[in-house]
Structures are given as C-alpha cells and as structure tokens.
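Q: quick one: sequence plus predicted model below, questions after.
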Amino acid sequence: MEFIQKYQTLIVFGLSAMGCLVSFVFVAWASKFFAKRKELEATSEKLDELTKKVIDTNSAMRQEQVLIRKDLDAMPSKKEIAEVRQDMADLHAQMTSISPQLNQLHTTINILLENELRGARKNAD
C-alpha cells in the first residue's frame, strides 16, 4: 500500500499516458477503416445522382417498351400473313391462267384496229 501511495502520481501519469496511447491507436485505426464525413457526403451525392440517372433510364426504357409493344400489337399475326400469302398465290395462279386469254384478246384487238385503219384508208382514197 505504501508503494501505491508513494508513487501514486507516477502511476496515474502512466495510466493516463497508456490511455492516451490506446485512444490514439484506436483513432488511427478507425480513420483507416471508417469513412470521413466529407467522403461520405460526396459519396452520398454521387449515389443520389446515379440513382436519378437509373430512374430516368428506367423510365425511358419503359416508354420505349410501351412503343415497341404498340408496334408489335399493330403487326399482323402469323395467321394473317399466311392468309395474305395464300391470297397472293391464288391471284398469281389466276393471272397466269388468264394470261393466254389476254394475249389472244390483244391479238384480236390489234387485228380489228388494223382492219379499221385499212378501212379508213380505203374510204379516204
């Protein structure tokens, strides 16, 4: 007990110094692993900006999706395309079958026109 009373000031000073040293080491360690307020605020602002950009991009993508959906809804279905192709094939077949008759009609019209022109010349002479 006497020892403690004799060196009381030295013991208190030593414990205070050790406490300060431990506090300093803790603060140094914490400054490496924890963000500073300014860095945290800057990061928070960047995060807010990025969040806004993501929201804007998401909104634009949704609008684009709506437009694409409308375009897809306006397009004909496979069944409709197949029907149009079949109609076109049928029309092609009909035109092919009428083609010889049209050629014959064309020849007949040419002959009649030629006869009319000859008759008009005979009458004119």
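A: Thanks, I have the structure now. In this text, all values refer to a predicted model and were calculated from it rather than measured experimentally. Residues are numbered from 1 along each chain as shown.
Q: where is the longest helix in this structure?
A: helix 78-124 (DSSP state H).
Q: pull the distance from that one to the chain's centre.
A: Taking C-alpha atoms, centre = their mean, to the nearest Å, the mean C-alpha location of helix 78-124 is offset from the chain mean by 52 Å.
Q: then stretch 20-32?
A: Worked out by C-alpha atoms, centre = their mean, stretch 20-32 lies 50 Å from the chain centre.
Q: alpha carbons of it, as CSV, please.
A: This file holds the C-alpha atoms of stretch 20-32, laid out as CSV (Å, rounded to 0.1, in the frame of the first residue of the first chain):
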residue,chain,number,x,y,z
CYS,A,20,-3.9,8.4,-24.5
LEU,A,21,-1.8,6.0,-26.5
VAL,A,22,-4.6,3.5,-26.7
SER,A,23,-7.0,6.2,-27.8
PHE,A,24,-4.5,7.5,-30.4
VAL,A,25,-4.1,4.0,-31.8
PHE,A,26,-7.9,3.5,-31.9
VAL,A,27,-8.4,6.8,-33.7
ALA,A,28,-5.7,6.0,-36.2
TRP,A,29,-7.1,2.5,-36.8
ALA,A,30,-10.7,3.9,-37.1
SER,A,31,-9.6,6.6,-39.6
LYS,A,32,-8.3,3.9,-42.0
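Q: could you chop the chain up by domain?
A: Following automatic domain parsing, one finds the domains of the chain at 30-75, 84-125.
Q: centre of the chain versus the helix or strand of the chain with the lowest mean pLDDT, how much separation?
A: Least confident helix or strand of the chain, by mean pLDDT, DSSP states H and E, is helix 2-6 with a mean of 78. Computed by C-alpha atoms, centre = their mean, the chain-centroid distance of helix 2-6 equals 81 Å.
Q: state the next helix or strand along the chain beyond that helix.
A: helix 8-33 (DSSP states H and E).
Q: check which element follows that next one along the chain.
A: Next in sequence after helix 8-33, counting helices and strands by DSSP H and E, comes helix 37-74.
Q: and for Arg62, the neighbour number?
A: Look at Arg62: counted by other C-beta atoms under 10 Å, it has 10 neighbours. Placement of C-beta: from N, CA and C, glycine included.
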